[in-house]
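S.K.: structure, please.
(chains A, B and C)
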Amino acid sequence: MKIEKIAEILNEKFVGEGETEIFGAASLENARTGEISFVEKAEFSESAQNTKASCLIIPENFNAPLPCSYFKVKNPKIAFAKIAEILHQPKKQSGIHSTAQIVKTAKIGKEVFIGAFSVIGENTEIGDNTQIFENVKIAENTKIGADCFIFPNVVIYENVSIGNNVKLHAGVVVGADGFGFVRDAERYIKFPQIGSVVIEDEVEIGANSCIDRGALGETRIGKGTKIDNLVQIGHNVQIGKRVVIAAQTGISGSTIIEDDCVIGGQVGFGDHATVKSGAIIGSKAGILPGKIVRQGVWWGVPVQPLDEYKRQNAYVKSLPRMREEIKVLKKQVAALEVKKTAKK
Amino acid sequence: MKIEKIAEILNEKFVGEGETEIFGAASLENARTGEISFVEKAEFSESAQNTKASCLIIPENFNAPLPCSYFKVKNPKIAFAKIAEILHQPKKQSGIHSTAQIVKTAKIGKEVFIGAFSVIGENTEIGDNTQIFENVKIAENTKIGADCFIFPNVVIYENVSIGNNVKLHAGVVVGADGFGFVRDAERYIKFPQIGSVVIEDEVEIGANSCIDRGALGETRIGKGTKIDNLVQIGHNVQIGKRVVIAAQTGISGSTIIEDDCVIGGQVGFGDHATVKSGAIIGSKAGILPGKIVRQGVWWGVPVQPLDEYKRQNAYVKSLPRMREEIKVLKKQVAALEVKKTAKK
Amino acid sequence: MKIEKIAEILNEKFVGEGETEIFGAASLENARTGEISFVEKAEFSESAQNTKASCLIIPENFNAPLPCSYFKVKNPKIAFAKIAEILHQPKKQSGIHSTAQIVKTAKIGKEVFIGAFSVIGENTEIGDNTQIFENVKIAENTKIGADCFIFPNVVIYENVSIGNNVKLHAGVVVGADGFGFVRDAERYIKFPQIGSVVIEDEVEIGANSCIDRGALGETRIGKGTKIDNLVQIGHNVQIGKRVVIAAQTGISGSTIIEDDCVIGGQVGFGDHATVKSGAIIGSKAGILPGKIVRQGVWWGVPVQPLDEYKRQNAYVKSLPRMREEIKVLKKQVAALEVKKTAKK
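M.R.: Numbering: from 1, shown residues only, chains lettered A, B, ... in the order given. So this is what the prediction gives:
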């Protein structure tokens, strides 16, 4: 891709050679000739001046001279990510491996790739260009859209619906039974886990994460939501659009996370909680069952507004001083009382 | 199943048409003709009156008129779960897929299903009616009982013993090495991890959970215990009967959880702890190594009785007031001292 | 192995029969004739005296008479682990299963085992004696050293480099995309995740753990490091040599853990943190982004030195007493003030 083409995509001006071919994206330190890189902050000017990249994207307040062509833009990281996304599009294969097991009732789209030892169940649908890697199991009545990447060893149970441009990384499990049991006298009876899972377009789910099916209704992951590795999503959870959830977070049954929330790692949600649109929840926070979390930044166990959390921590840190003050007061009061008594 | 048959199973009376056929269970909102649903609380009478279900199970204090046949019972949720369990029995297949690798020394019971690309090791035994899905690896000398469901991509290492009616969801790993190393001068030496795992009847284990083998002895999961997704059970852990463990909880080596305990999600247990029968431990709690947790409800890090935890939290919340009170006292005492001095 | 051979390996003297053959290691309670066991502390003398083992390794302060040959050594557990490691070497197979898919460009070493349904990608290299179990996917341009164990259902993405004597337990995922997205107006753009993963010699990684690839650079796990199950290692994380990380811990992007650290279970690290060589971090601790953790023992959320953590907890526990003291002071001061006023 020529630099002048990049200019067109970013809708930004450049300084330097528009004809230069760019074939890859790299960090400032690792970039070689023909690669593009970016400078996040003007302070990194030394690394920038020593780069071997053929093109840089730099912030507006960057003023040092540069050894290559460059774009000066408002947000270099976003611009770089946009170009890198195009330069490093994941390779697509097509064709069905001879060992893959595809039943006749499966509807397979155009240019689909299905790798070795994958199993596609009855009445499934796989959309155009979708890439299903090796050792994947897709059970019956499941529908997968176009342009998806289903990495090796993913398991999708029956009656699951997956949109377009979805990425499921290795080991993801979609549609296993939710965790619902009712205690009878001498044993746990399974509450029926016969609902479904809907994963909307442009969702990405990290390795070994689990999305349980609804008990009677559905579990839903909204469009453009990004989920990290080893995350647990319980039955009937409803996650909105463009939500980000970091690794090892767990969300219990029927909890609702509205659009545009950002959830840190190792957060735990009780069941039937609601997180309002745009809320930010810090790593390791704990949300009690039924809790409603409003917009804002939240922290701690149980979760509270970040300001309150900080204030409370400061109070706890001041405990030694408080105890010392009480000790002094006790002495002073005792002294005052003694004088009083002495006078009588 | 006719309503009169349901009456027989529940040993309850009904009002309405005993001849009506019920083919499925659903929520009040989603139920269609021919389905049964339940009303958890009398407050939900509006949803109940608008349901399209052909039969409802309602609580004893429910008195609104209903558009369908119904059972009035003490615990509608349990009754519903019992009937749903029968109506929605997981389908069973039988036969061994042509691609599955079964060695001659394996003993395979009657009506067993083994899916594509599964591998069954030397001297294994698989009980009658057990369903082994695709891409499963069962290593040598492992014994699996009757009527089990081993979902896709499960891995069971050697010398593991699994009872009847056990469900292992996709991605479960049973019998990997425990985490035991001893530090010599310049490296960690592996402490032998050559014990076994015993999983008793009616255990269910959620997707991507891990049950490590014993170091020298055995790791044991007791009858009827239910374990959620992404749970870690360390070497030599002993879990009793009818224990419930929610997602992402981790239990370190040699810890004992006695019968009928309920453990929340993301709880962490140090090694060699003991949880006494019937204890309830809240989500995100932390139990120190060697700790003995008595019956009762426990919370926090380190774990303490819920009452104490709440009281302590209330004290922490009252810190701003305490600091204010100290400030006032200091002023008052200073004033008293000044007067004293002035008088002299 | 004869006892006199064990003496040679341990470089220790024994009491008893040097000719006795030892074929296995076991616990004191389970050991049978022909097995070796160990006594961790002199207090366990009763179990030791009742053992059926043919040889024991006992601590220096153990003086009770024994029914079998024995070694008296400084650290019985280390000596036992050394011998058990030799007695219980994991079996090695060789040969490539007829169903495994190996492309022509793959370079496979001598005495390699590749199990059924495993897939080895273009331009991979597999070192001598390495054991690749069933249903494993190794993507293109990946290099695996000699004497490794890659257990069933492991997935290794492209461009990963793995040293010698590495063990990856079932379900491990190496090289999936890191979790990096930048928010543009209406969607998240993926920040390029095109770096690599380097796993050095003698690393062991537990079941279902995930090691993400670097965004632009590399993620590295140093020589001799041991990682438990369900651990998450983010992009560009650098872990030193001989680090131990317990189950369910998560490490965010670009964090550095230096050599010889010991990290408990369920610990969470923010991004760009640094843990200095030899630091010990207790289970469930939380490390803020960018934090530098010095050598020492650390605990809590956010992490603090163990001493301070304990002191702070003690202060919190003393809150009821403090509040009582304030109450008393208030009464006393009120009384003093009343007298004062009365006198006027």
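S.K.: for B:Leu336, see how far away the residue nearest to A:Lys137 when sequence neighbours are not counted is.
M.R.: Spatial nearest neighbour of A:Lys137, excluding adjacent residues (Cβ to Cβ, 6 or more residues apart in numbering or on different chains): B:Pro152 at 4.0 Å. Where you see a C-beta, it was placed from the backbone N, CA and C, and this is true even at glycine. Distance, B:Pro152 to B:Leu336, by Cβ to Cβ, to the nearest Å: 78 Å.
S.K.: and A:Ile245, how far from chain B?
M.R.: To chain B, A:Ile245 is 13 Å away according to Cβ to the nearest Cβ, to the nearest Å.
S.K.: neighbour-wise, which of B:Pro152 and B:Leu336 wins?
M.R.: Taking neighbours as other Cβ atoms under 10 Å in any protein chain shown, B:Pro152 and B:Leu336 compare with B:Pro152 leading, 30 against 20.
S.K.: pretty sure the more buried one is touching B:Ala116, no?
M.R.: No. Between B:Pro152 and B:Ala116 there is no contact under Cβ atoms under 8 Å: 9.5 Å.
S.K.: now the common contact residues for these two.
M.R.: A:Val119, B:Glu134, B:Asn135 (Cβ atoms under 8 Å, 6 or more residues apart in numbering or on different chains).
S.K.: ok, and the closest non-adjacent residue to A:Lys317?
M.R.: Closest residue in space to A:Lys317, ignoring its immediate chain neighbours: C:Gln312 at 7.6 Å, by Cβ to Cβ, 6+ apart.
S.K.: which element is the one you found on?
M.R.: Using DSSP states H and E, C:Gln312 sits in helix C:306-317.
S.K.: can the next helix or strand after that helix be said to contact chain B?
M.R.: Reading on from helix C:306-317 to the C-terminus, the next helix or strand found by DSSP H and E is helix C:319-343. Yes. Applying Cβ under 8 Å from any Cβ of the partner chain, one finds that helix C:319-343 is in contact with chain B at C:Leu319, C:Pro320, C:Met322, C:Arg323, C:Ile326, C:Leu329, C:Lys330, C:Val333, C:Leu336, C:Glu337, C:Lys340.
S.K.: counting by contacts, list what helix C:319-343 packs against.
M.R.: Under the contact definition 3 or more Cβ pairs under 8 Å, 6 or more residues apart in numbering or on different chains; DSSP states H and E, helix C:319-343 sits against helix A:319-343, helix B:306-317, helix B:319-343.
S.K.: what comes into contact with it?
M.R.: So helix C:319-343 is contacted by A:319, A:322-323, A:326, A:329-330, A:333, A:336-337, A:340, B:311-312, B:315-316, B:318-319, B:322, B:325-326, B:329, B:332-333, B:336, B:339 (Cβ under 8 Å, 6+ apart).
S.K.: can you flag the buried ones in those?
M.R.: A:319, A:322-323, A:326, A:329, A:333, A:336, B:312, B:315, B:319, B:322, B:325-326, B:329, B:332-333, B:336 (16 or more other Cβ atoms under 10 Å in any protein chain shown).
S.K.: now, the shared contacts of B:Pro152 and B:Ala116 that are in helices?
M.R.: Per DSSP state H, helices hold no members of these.
S.K.: out of these, who's near chain C?
M.R.: Within the shared contacts of B:Pro152 and B:Ala116, those near chain C by Cβ under 8 Å from any Cβ are B:Asn135.
S.K.: take the shared contacts of B:Pro152 and B:Ala116 and write them to TSV, including neighbour count, distance to B:Val237 and pLDDT.
M.R.: Listed next are the shared contacts of B:Pro152 and B:Ala116 as TSV, based on neighbours: other Cβ atoms under 10 Å in any protein chain shown; distance: Cβ to Cβ, whole Å; pLDDT from 0 to 100:
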residue	neighbour count	distance to B:Val237	pLDDT
A:Val119	25	33	98
B:Glu134	29	29	98
B:Asn135	30	27	98
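S.K.: nearest to chain C, out of the shared contacts of B:Pro152 and B:Ala116: which one, please.
M.R.: B:Asn135 (5.0 Å; Cβ to the nearest Cβ).
S.K.: and A:Ile6, helix, strand or coil?
M.R.: helix (DSSP: H, G, I helix; E, B strand; the rest coil).
S.K.: neighbours of it, how many?
M.R.: 24.
S.K.: swap in A:Ser252?
M.R.: Residues near A:Ser252, counting by other Cβ under 10 Å: 27.
S.K.: show me the contacts for it.
M.R.: A:Gly234, A:Val237, A:Gly268, A:Phe269, A:Gly270, A:Asp271, A:His272, A:Ala273, A:Pro289, B:Ala246, B:Ala247, B:Gly265.
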